[in-house]
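> What follows is a predicted structure for the sequence shown.
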Amino acid sequence: MTVTRFAPSPNGPLHLGHAYSAIVGHDRARRGGGEFLLRIEDIDGARSRPELADEFRADLTWLGLEYREVAPQSQRIASYRAAADELRAMGILYPCTCTRAEVAAAAVAHGPDGPLYPGTCLRRGPVPGPDAAWRLDMEQATLLAGPLEWMDERHGLQQARPERFGDVVLWRKDAPASYHLAATLDDAADGITHVTRGVDLFHSTHIHRLIQHLLGLPVPVWHHHAVLVEADGRKLAKRRDAPALADRRRAGEDGRCVVAEVRAALFDTGISLSDAIDLEP
Ligand code: GLU
């Protein structure tokens, strides 16, 4: 049975790009005789707008996509904490008190997520305080794990290369868990067999595969779908005024027609599909 999920973060309204992602997840689950889940990723405290979750539910229903909702991330913090404790006990997490600005200033290289952490706090030794974030000691973690592979049903077999991200933060001081840790744990807990999401998150999978190995989690198949881009090749985004599905819903448009249009990929708005893996995340 194929289980997929749509995992939006309630920090802005859904637009056509999200609809496309939901349709891919929904259709992939249906094709596998399985289930399509909705998971609200609401642990980004500063940016999270809880009222948007209801809009998301209404949007999916308007689009005619049947789903089952599972627990939002805000109800799963204990499982994130337990996983962080486990990694800490393995000696592969270390506390870091550097600010973003300090990291940016000291970084000598860049990875897919931005400046690579220069290891300042690793060399400084543990100074844990309530304000510390916890980073993965990537060198130790990859040594422990050895070579790993993962399968993307559109892009083929991949060698995991998590080292390109450097010492990523897995436990934040403000969120609390990072997207990488939370999403990986949730996908395992929700029994996701096929992780369907945009190709803009392709690179993150290298880290997720490593986390799965370290924590002994099941390994799904990935399906990184193309993302909708505007005429200039840039990803459709709320910050560039992509129309909100909720506005179209309130204006009386028929969501099922929107879905039919997306499925047929018939856009007369200069929007098209791009499979470029190097799209900004
Ligand atoms: N919550 C993420 C987002 O809204 C999606 C994460 C995922 O699909 O893994 O971009």
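In hand now; what should we look at? Numbering: from 1, shown residues only.
> Sketch out the low-pLDDT regions of this protein for me.
With pLDDT under 70 as the threshold, the chain has low-confidence stretches at 125-128, 175, 238-240, 265-273, 275, 277-281.
> Show me the helices in it, by range?
Applying DSSP state H to the chain gives helices spanning 16-31, 52-63, 77-89, 100-106, 120-124, 138-145, 179-189, 204-215, 245-250, 255-263.
> contacting residues around the shortest one?
Contacts made with helix 120-124 from outside it, assessed by CB atoms under 8 Å, 6 or more residues apart in numbering, are listed as 94-98, 102, 106, 127, 135, 137, 167. All C-beta spots, glycine's among them, are computed from the backbone N, C-alpha and C.
> could you dump those residues to JSON lines with distance to the ligand?
As requested, the contacts of helix 120-124 are exported to JSON lines (distance: CB to the nearest ligand atom, whole Å):
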{"residue": "94", "distance to the ligand": "25"}
{"residue": "95", "distance to the ligand": "26"}
{"residue": "96", "distance to the ligand": "23"}
{"residue": "97", "distance to the ligand": "27"}
{"residue": "98", "distance to the ligand": "25"}
{"residue": "102", "distance to the ligand": "27"}
{"residue": "106", "distance to the ligand": "28"}
{"residue": "127", "distance to the ligand": "32"}
{"residue": "135", "distance to the ligand": "20"}
{"residue": "137", "distance to the ligand": "24"}
{"residue": "167", "distance to the ligand": "21"}
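> Count residues in the vicinity of the closest residue to the ligand within the stretch 51-200 of the chain, would you?
Residue nearest to the ligand within the stretch 51-200 of the chain: residue 197 (3.6 Å; CB to the nearest ligand atom). Per other CB atoms under 10 Å, the neighbour tally for residue 197 reads 22.
> Could you give the bridge partners of it?
Judged by DSSP bridges, the bridge partners of residue 197 are residue 224.
> I figured it was touching residue 220, is that so?
No: checked against CB atoms under 8 Å, the pair residue 197 and residue 220 is beyond contact range at 11.3 Å.
> Overlap of the contact sets of these two?
By CB under 8 Å, 6+ apart, no residue touches both residue 197 and residue 220.
> sorry, back to before: please list all residues in contact with the residue of the stretch 51-200 of the chain closest to the ligand.
Residues near residue 197 by CB under 8 Å, 6+ apart: 7, 21, 222-225.
> can you narrow those to ones near the ligand?
residue 7 (CB under 6 Å from any ligand atom).
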